[in-house]
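> Prediction below, plus the sequence it came from.
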There are 2 protein chains.
Amino acid sequence: MSLDGFVAGPGPTLEAPLGEGGEQLHEWTIATATWRAQHGRAGGETGIDDEVAAQSMSDIGATIMGRRMFSGGEGPWKQDPNADAWWGDDPPFHHPVFVLTHHAREPVTKAGGTTFTFVTDGIESALEQARAAAGEADIRLGGGADVARQYLMAGLLDGLRLHVVPVLLGGGVRLFEDQGPGELRCTSIRESPTGVAHLEYRTVRR
Amino acid sequence: MSLDGFVAGPGPTLEAPLGEGGEQLHEWTIATATWRAQHGRAGGETGIDDEVAAQSMSDIGATIMGRRMFSGGEGPWKQDPNADAWWGDDPPFHHPVFVLTHHAREPVTKAGGTTFTFVTDGIESALEQARAAAGEADIRLGGGADVARQYLMAGLLDGLRLHVVPVLLGGGVRLFEDQGPGELRCTSIRESPTGVAHLEYRTVRR
């Protein structure tokens, strides 16, 4: 998230899905050894950012994401140019991924243990399916912001990891918008030499 | 600031100027020994929140604030019920305060070294006057959010201290809104046992 609360910049396109300046929010991750290894590359930074990246990917048994996070598109799959190509042939998940969508579709199996299952009957159903797939492992909410908010508002989110990058985007997609009031418990704050504030929260049940 | 970016909650009134839930953003400060001492009270918490509170008040030679931060009101002073009473007879500043307003008014001198000077010719003039008053000491921007953004956008802000409180207000006054893109340099991140993330940034000149 940018310091001004955006998880993507203004004017996202299929070519630049993070919007104007949005790539700045991911530079810290992409530089890490963990991210590079996950994407089949050698080298990369070690240190706090890398530890945080590794932690955020460890013990994840399933991922839930929104349709736009999956393909960048919307509407019927036949009209979606990225319906199959967005995440490549060897997606970095290596576990079952559940995609929230209004448009039914057969599951897609990719290399390396990644499967995409398309869920049309809502966030609770996706969570139930993810739970069954993940077993004892955690379920990661892969985004976007609206999906995160839906789970937060439904009281189905246990925790939140925010990586606040010292830039102002001035516009774009806000992580928090109209989700209503709430209380969280801060469990960890870590400062990275890159200036990223890694904040961890648990949601508080009422 | 709340985790969702608000420095005051929804629906501020003269009686509850911080809006619904907004008082939660200040609980950490009000509990500190530093804040209590500044307001003539004994006791209070020591620890990280107290250190941060002390630091934010140390070596300040002048404060700049907006009209609403001064009185909660707007328009001609004669029609403003808090024109004189908002900050009490012994305001906690103990140095010159410059109030940005569209309505001219003679300076007000209070006990303990606090003076309120009303500036009608803009933020640069207020900064100039504050500089003359502060000498070598720092100038603190007392808010509100719109005043902070005006100085930020004009490139007149050297640094930013954010205290991110683990609550979601769900609405209210955003600190960052339409201020455009920018880059900052993170200089300090401190975790408080109260769950407040104390973040310090310097602005980056282009």
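Received, thanks.

> the domain parsing of chain A - what is it?
Listed domain ranges for chain A are A:1-58+A:142-206, A:60-136 (source: automatic domain parsing).

> Ok, which of those domains comes nearest chain B?
Closest approach to chain B among those (C-beta to the nearest C-beta): domain A:1-58+A:142-206, 3.4 Å. For the C-beta atoms, the positions are set from N, CA and C on the backbone; glycine is no exception.

> need the domains of chain A in JSON lines with distance to B:F93, mean pLDDT and mean neighbour count, can you?
Supplementary listing: these in JSON lines, determined by distance: least, C-beta to C-beta, whole Å; pLDDT from 0 to 100; neighbours: other C-beta atoms under 10 Å in any protein chain shown:
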{"stretch": "domain A:1-58+A:142-206", "distance to B:F93": "27", "mean pLDDT": "94", "mean neighbour count": "18"}
{"stretch": "domain A:60-136", "distance to B:F93": "48", "mean pLDDT": "95", "mean neighbour count": "17"}
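
> got those domains as JSON lines, with distance to chain B columns?
Below are those laid out as JSON lines (distance: least, C-beta to the nearest C-beta, whole Å):
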{"stretch": "domain A:1-58+A:142-206", "distance to chain B": "3"}
{"stretch": "domain A:60-136", "distance to chain B": "18"}
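
> Name all residues that make contact with A:G122.
A:L100 (C-beta atoms under 8 Å, 6 or more residues apart in numbering or on different chains).

> Return the residues in contact with the spatially closest residue to A:S2 that is not a sequence neighbour.
Using C-beta to C-beta, 6 or more residues apart in numbering or on different chains and skipping the chain neighbours, the partner closest in space to A:S2 is A:L169 (4.5 Å). Applying C-beta under 8 Å, 6+ apart to A:L169 gives the contacts A:2, A:4, A:6, A:9-10, A:19-22, A:24-25, B:181.

> For the most centrally placed residue in chain A, which three-state class applies?
The centroid of chain A falls nearest to A:G142 when counting by C-alpha atoms, centre = their mean (2.5 Å). Here A:G142 is recorded as strand under DSSP: H, G, I helix; E, B strand; the rest coil.

> Output the contacting helices and strands for the strand of greatest length in chain A.
Identified as the longest strand of chain A according to DSSP state E is strand A:182-191. Here strand A:182-191 touches helix A:48-57, strand A:197-203, strand B:167-168, strand B:182-191, going by 3 or more C-beta pairs under 8 Å, 6 or more residues apart in numbering or on different chains; DSSP states H and E.

> Switch these over to TSV; also include distance to B:L157.
Compiled in TSV, these are given as follows (distance: least, C-beta to C-beta, whole Å):
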stretch	distance to B:L157
helix A:48-57	27
strand A:197-203	19
strand B:167-168	25
strand B:182-191	10
